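# Sequence plus the predicted model coming up.
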Amino acid sequence: MEQATDSVQPGGQFLTRGHAAARRVVCRAIQSERPPHALLIVGPRGVGKTTLALDLAAGLSCLAADPASRPCRSCTACRKVASNNHPDVHVVQPEGAGEQIRISQVQRLTSELALTAMEGRFRIAVIAAAQRMNPDAQNALLKTLEEPGPATCLVLCADDAAHLLPTVISRAARLRLAPLPTRALAALLTAEGLAEAPRARALAVAAGGRPGLAIRLSGQADALLARSRISRMLLDLPDADRRTRLAAASDLISDGAVIAAAVRGEVPSAATRLQPLERRQAVTTVLGIWREVGRDLAMTAHQQGSKARDLDLLDDLLEAAPRIDLGAMRRFLDRVDGLVLAIEGYASPELTLDSLLLDWPRPRVSAADAA
């Protein structure tokens, strides 16, 4: 299902921004009234997976007479989906301190899906952050995936399919959402009236090409400033001594918490009162920015500074790039990727951050500098 044809054009009012090919796929399922019994939407957090899933749910539930006009966003069914009180549409999200989807949640969902639709044509379930289902929950879902009820559509939205059981993945059609190019997302934000051109580019960079995240950040000026502070601090640290590097951890966590809270649509707690989950998310946010800064440094070192994501940092990148050891940078970025997963698996975020601060590659010393 990852391939879309150009013969079907979205005619309804989709909330998904960008992702034209994926929207055509979903539109085709709505207009034909033949959705897959299970659909796995994969892509980074904030790219628009759940929004697309709810577009599908609204379109399949919509009461508009013309399938090409679904979802119409004005009928009773569309309004119920939007307010999350449609009896045939069920949304499951992670719960509790560990942000897990547990077996009890899945068991309730499968019981609901076994019933006949009450108001619409389909029973629809959307599992947000499906990668947070523990193994017992995933196994509890298998029977529904293997023997779906009539007129049932189950949509799993996952940041990374690697966390799902192969038996779950194999029973679902698959649709991948990739981040949008910075220029395309900036143009979208400008067209939507969410930001003027310079700020739209800054939002697109901060969101890493993810439309949903960019829209959330558009009303969060503090988050953009926090991201800029993190990037500039990371560019300053290669020349810093051990004590200065370790002292930076507190400010990095504080700014990471501001951004993570904006992503969640919340006001951040004071840095000294962050809950364990908030600290984990703050450090994960910092590591994501760190990966982008490292990539931009490597691109600039390869004389490709124009391809850097954050052109506001170009002068700093041009100054730092000639002294970059590209081999050390590649090894460091590989380590960052692995540690993001480790933090999600309950490694200590503070110790992880301290370790990376100490290992952030130091600039090469040229012969002239040595002399």
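Alright, I've got the coordinates.

# domains of the chain?
In the domain annotation for the chain, the residue ranges read 20-176, 220-370 (automatic domain parsing).

# Now find how far off-centre the first one is within its chain.
In other words, domain 20-176. Taking C-alpha atoms, centre = their mean, to the nearest Å, the mean C-alpha location of domain 20-176 is offset from the chain mean by 17 Å.

# before we move on, the earlier item: list just the one of the domains of the chain that sits closest to Gly193.
In terms of C-beta to C-beta, the element of the domains of the chain nearest to Gly193 is domain 220-370, at 16.7 Å. Using the backbone N, CA and C atoms, a C-beta is placed for each residue, glycine as well.

# I'd like the mean pLDDT over that closest one, please.
When pLDDT is averaged over domain 220-370, the result is 85.

# same question, stretch 20-27
pLDDT averaged over stretch 20-27 equals 94, rounded to a whole number.

# Start and end of stretch 75-93, how far apart?
The stretch stretch 75-93 measures 26 Å between its terminal residues, going by C-alpha to C-alpha, to the nearest Å.

# Quick one: mean pLDDT for that stretch?
The model assigns stretch 75-93 a mean pLDDT of 96.

# Stretch 47-58 now?
Stretch 47-58 comes out with an average pLDDT of 95.

# can I have that stretch written out in CSV, keeping just the CAs?
Listed next in CSV are the C-alpha coordinates belonging to stretch 47-58 (Å, rounded to 0.1, in the frame of the first residue of the first chain):
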residue,chain,number,x,y,z
VAL,A,47,5.5,14.0,11.1
GLY,A,48,1.7,13.6,10.9
LYS,A,49,1.0,9.9,11.4
THR,A,50,-1.9,10.2,13.9
THR,A,51,-3.4,13.1,11.9
LEU,A,52,-3.4,11.0,8.8
ALA,A,53,-5.0,8.1,10.7
LEU,A,54,-7.7,10.4,12.0
ASP,A,55,-8.3,11.7,8.5
LEU,A,56,-8.9,8.1,7.4
ALA,A,57,-11.2,7.6,10.4
ALA,A,58,-13.2,10.7,9.6
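
# burial count for Ala249?
Burial of Ala249 is recorded as 17 neighbouring residues (other C-beta atoms under 10 Å).

# Is it in contact with Leu351, as I believe?
No. The pair formed by Ala249 and Leu351 falls short of the contact definition of C-beta atoms under 8 Å, at 10.0 Å.

# intersection of neighbour lists for those two?
In terms of C-beta atoms under 8 Å, 6 or more residues apart in numbering, Ala249 and Leu351 are not both contacted by any residue.

# picking that back up, what's the closest of the domains of the chain to Ala207?
Comparison of the domains of the chain against Ala207 by C-beta to C-beta identifies domain 20-176 as nearest, at 6.5 Å.

# can you pull the contacts of the nearest residue to Arg171 once chain neighbours are set aside?
By the measure of C-beta to C-beta, 6 or more residues apart in numbering, the closest residue to Arg171 outside its immediate chain neighbours is Leu145, 4.0 Å from it. With contacts defined as C-beta under 8 Å, 6+ apart, Leu145 is in contact with 37-38, 154, 168, 171-172.

# if we go to 10 Å?
For Leu145, the contacting residues are 37-38, 110, 138, 154, 156, 167-172, by C-beta atoms under 10 Å, 6 or more residues apart in numbering.

# likewise Cys153?
Listed by C-beta under 10 Å, 6+ apart, the contact set of Cys153 reads 29, 34-39, 53, 56-57, 60, 89, 113, 122-126.

# Next: Leu194.
Residues near Leu194 by C-beta under 10 Å, 6+ apart: 17, 188, 200, 203, 214-215, 217-219.

# Throw together a ChimeraX command that grabs the buried residues out of those.
In ChimeraX syntax, the buried subset of the contacts of Leu194 is picked out as below (16 or more other C-beta atoms under 10 Å):
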select :17,188,200,203,214,215,217,218
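
# In space, what's closest to the residue positioned nearest the centre of the chain - neighbours in sequence excluded?
Nearest to the mean C-alpha position of the chain, by C-alpha atoms, centre = their mean, lies Arg45 at 1.1 Å. Excluding its sequence neighbours, the residue lying closest to Arg45 (C-beta to C-beta, 6+ apart) is Asp159, at 5.1 Å.

# Spit out the contact partners of that neighbour.
Neighbouring residues of Asp159 by C-beta under 10 Å, 6+ apart: 42-47, 49, 129-132, 344.

# biggest strand in this protein by residues?
Scanning the chain for the longest strand, with DSSP state E as the assignment, gives strand 152-158.

# what element comes up after that strand heading to the C-terminus?
On the C-terminal side of strand 152-158, the closest following helix or strand by DSSP states H and E is helix 166-169.

# Just the C-alphas of that following helix, formatted as PDB.
Output for helix 166-169, consisting of C-alpha atoms alone and laid out as PDB, is shown next (Å, rounded to 0.1, in the frame of the first residue of the first chain):
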ATOM      1  CA  PRO A 166       7.300  -9.300  13.000                       C
ATOM      2  CA  THR A 167       4.000 -11.100  13.300                       C
ATOM      3  CA  VAL A 168       2.300  -7.700  13.800                       C
ATOM      4  CA  ILE A 169       4.100  -6.000  11.000                       C
END
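
# Going by contacts, tell me the helices and strands next to that helix.
Helix 166-169 sits against strand 38-42, helix 135-146, strand 152-158, with contacts defined as 3 or more C-beta pairs under 10 Å, 6 or more residues apart in numbering; DSSP states H and E.
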